[in-house]
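Chemist: Kindly return the folded structure for what I paste below:
(one chain, ligands or ions: 1)
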Amino acid sequence: LQVNAEESSHDLANPPKVEEKFGAVPHGLSTDSEVAQREAESISRKTLRSSAEKFEFQAEVSRLMDIIINSLYSNKDIFLRELISNASDALDKIRFLSLTDKEVLGEGDTAKLEIQIKLDKEKKILSIRDRGIGMTKEDLIKNLGTIAKSGTSAFVEKMQSGGDLNLIGQFGVGFYSVYLVADYVEVVSKHNDDKQYVWESKADGSFAISEDTWNEPLGRGTEIRLHLRDEAKEYLEEDKLKDLVKKYSEFINFPIYLWSTKEVDVEVPTDEDETSEEEDSTPETTEEETEEDEEKEKKPKTKTIKETTSEWELLNDVKAVWLRSPKEVTDEEYSKFYHSLAKDFGDDKPMGWSHFTAEGDVEFKALLFIPPKAPHDLYESYYNSNKSNLKLYVRRVFISDEFDDLLPKYLSFLKGIVDSDTLPLNVSREMLQQHSSLKTIKKKLIRKALDMIRKLAEEDPDEYSNKDKTDEEKSEMEEKKGQYAKFWNEFGKSIKLGIIEDATNRNRLAKLLRFESTKSDGKLASLDEYISRMKSGQKDIFYITGSSKEQLEKSPFLERLTKKNYEVFYAAGGLSTSIIVSEIWNTACGK
Ligand SMILES: Nc1ncnc2c1ncn2[C@@H]1O[C@H](COP(=O)(O)OP(=O)(O)OP(=O)(O)O)[C@@H](O)[C@H]1O
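Modeler: Numbers count the residues shown, from 1 in each chain. Down below sits the predicted model:
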C-alpha cells in the first residue's frame, strides 16, 4: 500500500486506501440521523468517520509522525507558528491569483484575507482558519500524507541523530508538528475548484478523507482543528495564544484574530421579585423618602452584573519591516524578522543584513540576510535546483519565492525579500519573469550582497587591525571577532563558485576569498595580504591548491615547504576553482 511519491504525484485517480482498518460502525446498526449526529460531533477519538475514504501515509511521513507524537520535546509551542505560516502562504497564493482574476476572492467574508484562531474549551479544540487558497481533495491527499517531500527523510535522519525539532519548518514538513499537541487532527478545506472536504488522522499510519456535508461551509480556505492532548491544555488559554502569536508571528502580513472572551459589567433591569423583596423589607418611610422613591420609580431599576462577551481581537499589526526606514528598525527586529522569513528558529542571529532602497529607473526596496548557518541541502542540487531564497513582492503583494533569476546560484544561500514598485501587478508570473527590470534588480542585489559580505570582514577585528579605534568601538568590534572566519566556513564554497560563474564580479569576489596559511596560527589570510607581502619583496611564500583541505594537509609537497620554513597559503576547491583562483592570484601579483 505504500505510495511511490513520484509516480503518484500526477495520477491520483486511484490513491492508496486502507479499507476496514478503522473500527467502523456497521451501517445496519445506525440510523441516518445517528450517523449525521456522530459525524457532526467530530467523532470520539477512537474511530475516524466510518464512511470516509482511508489512506496510508507514505512511509517516511509515517516515521516522521511517530517521532513527533512520541517526542519529549519541550517546546511544543512551535506548532502554532507553523500553522500560521502555512495559513499565510495560502493567503499569499489566493491574493496573487486575484491580481489577474478578481473573481477568485469571492464575496463578503470569503474575500477577507485573514487568519482566525478559535478555542473550544469544553471540547478541547483549538482551530486555526484561513481564507487562503484552500485544498482540493487531491491536494489534501498529496500535501498531507502521500507525497513525501525531499525534506522529510532529511528531517527524520536529523531527528534520529538528536536534531532540534524547532527546525521542522526549514525542512518543509511543518504541518506535522500539530501532533506535538494533538492526538487527533481534522483539516477542513475548501478550494474554489472543488467541494469542501475533511482530512482527519490520529497519526497512527493512516488518514481519512470525506466530503464535508455537516460543517459550516468555509466559503474558501482551510480550518485546522486540533483535538488537544490532555497535557497540552495550556493552548486553550487565550493569554498563552496571544503571547505565542506576538512571539512567533509578529511579521505575518495578514491580520491574525483571536476569538476572545471578556467579562464586562452590564446594567440590567432588576427582577420584579428582587424589587418587591427590597420594598418589603423597607422600614417605615418618611415623607421626604417617599418623594425620592417616587422619583426612583420613574427610572427603571437596574443592577450591574458580569457578562461574558466574545469578539475577534486583532493580535498583530501587520507591518512590513522592509518598508520602514532602516533607522527605525532595531537589531532585534531584524533578527526576529529573519527568523520568521527564513523559518529558521534556531538560537543564532543572522550573520549580517543589508536593508536598502534602490532608486532610479527601477525602484525597489530590499532586505537581504546572511543566515547564521548553511542549510542542510545548500549544495545538494546546486545545478538543477531553481530555488531562490528571495521572496519577490510587488507593492507589498507577495508574488513568488521561485524566481530563480533574482540572484545568481552562488548567492542562493542568502535569504531576503525584494519589493518592487516598478514591476507590473496584473500580469502572470511567467510574464513577470521576462520583465526587463529584473535584470537591473539582479545587478543591484548582487552588488549589495557582495558589499554586505565585505562589510562582515571589515568589521571583524581578526581581519583588520583596530589600533585606531576608540575603546567603545573596540568593544563593539569584539562582538564581531571571528565572524568572517565563521562566514567563510559556512559559505566559502559559494564564493569560490562565484569566482567561476560570475566573471563580471570576479575581482569583487576575489577580495572575499580567504586562504589558510601554515604560519598564521589558524587565522585566514586574504589575497590582499598575500599580494602586499609579495610586493614588499617577500619571496618565501607559496600557494598551493587541492580538491580538499584534508588532501592538502596531507600533501608531501606542503610538508617539504614547511620544513624549509616557507610559508604556504593553501585553498581547497575543485579543479576549475583552483585554476581560476591561481589566475586571479597571479594577475594580482603581476606574474
Ligand atoms: N492552511 C493551508 N492552506 C492551504 N494549503 C495548506 C495549508 N496548510 C498546509 N497546506 C499544504 O500542505 C503542504 C504541507 O505543509 P507543511 O507545513 O508540512 O510544509 P510546507 O508549508 O510546504 O513547508 P513549511 O513547513 O516549511 O512551511 C503545504 O506545502 C501546502 O501545500
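
Chemist: So which bits of the protein are right by the ligand?
Modeler: Contacts of the chain with the ligand, taken as C-beta under 6 Å from any ligand atom, map to 82, 85-87, 89-90, 130, 132-135, 143-144, 169, 172-175, 222, 343. For every residue, glycine as well, the C-beta is placed using N, CA and C.

Chemist: Counting neighbours, what do you get for residue 307?
Modeler: By the criterion of other C-beta atoms under 10 Å, residue 307 has 11 neighbours.

Chemist: Let me see the contact set for residue 220.
Modeler: 94, 106, 110, 131-134, 190-192 (C-beta atoms under 8 Å, 6 or more residues apart in numbering).

Chemist: got the phi/psi numbers for residue 54?
Modeler: When read as degrees, to the nearest 10, the backbone of residue 54 gives phi -110, psi 140.

Chemist: Specify the beta-bridge partners of it.
Modeler: As for beta bridges, residue 54 partners with residue 208 under DSSP bridges.

Chemist: ok, back up a step: please check the residues of the chain next to the ligand and keep the buried ones.
Modeler: Taking 16 or more other C-beta atoms under 10 Å as the criterion, what is buried in these is 82, 85-87, 90, 130, 132-135, 143-144, 169, 173-175, 222, 343.

Chemist: and the residue of the stretch 351-500 of the chain found nearest the ligand, what pLDDT?
Modeler: The nearest approach of the stretch 351-500 of the chain to the ligand comes at residue 401, 10.8 Å away (C-beta to the nearest ligand atom). According to the prediction, residue 401 has pLDDT 83.

Chemist: show me the contacts for it.
Modeler: Contacts for residue 401 (C-beta under 8 Å, 6+ apart) come out as 388-392.

Chemist: Show me where this structure dips below the pLDDT cut-off.
Modeler: Low-confidence segments of the chain (pLDDT under 70): 1-47, 272-299, 384-388, 465-469, 539, 573-577, 590-591.

Chemist: how many neighbours does residue 254 have?
Modeler: 22.

Chemist: again with the one 10 residues further on
Modeler: When neighbours are defined as other C-beta under 10 Å, residue 264 has 9 of them.

Chemist: Doesn't it belong to a strand?
Modeler: Yes - per DSSP: H, G, I helix; E, B strand; the rest coil, residue 264 lies within a strand segment.

Chemist: my read: it touches residue 309, true?
Modeler: Yes - using C-beta atoms under 8 Å, residue 264 is in contact with residue 309, at 5.7 Å.

Chemist: residues touching whatever residue of the stretch 301-450 of the chain ends up closest to the ligand, list them.
Modeler: As assessed by C-beta to the nearest ligand atom, the ligand sits closest to residue 343 within the stretch 301-450 of the chain, at 5.2 Å. By C-beta under 8 Å, 6+ apart, the residues touching residue 343 are 85, 169-170, 174.

Chemist: Please name the nearest non-neighbouring residue to the residue of the chain found nearest the ligand.
Modeler: Residue nearest to the ligand within the chain: residue 174 (2.6 Å; C-beta to the nearest ligand atom). Of all residues not flanking residue 174 in the chain, residue 82 sits nearest, at 3.4 Å (C-beta to C-beta, 6 or more residues apart in numbering).

Chemist: Please apply the same query to residue 306.
Modeler: residue 263 (5.0 Å).

Chemist: what bridges to the one you found?
Modeler: residue 308.

Chemist: May I ask which of the contacts of residue 401 has the most neighbours?
Modeler: Most surrounded of these: other C-beta under 10 Å gives residue 390, at 26 neighbours.
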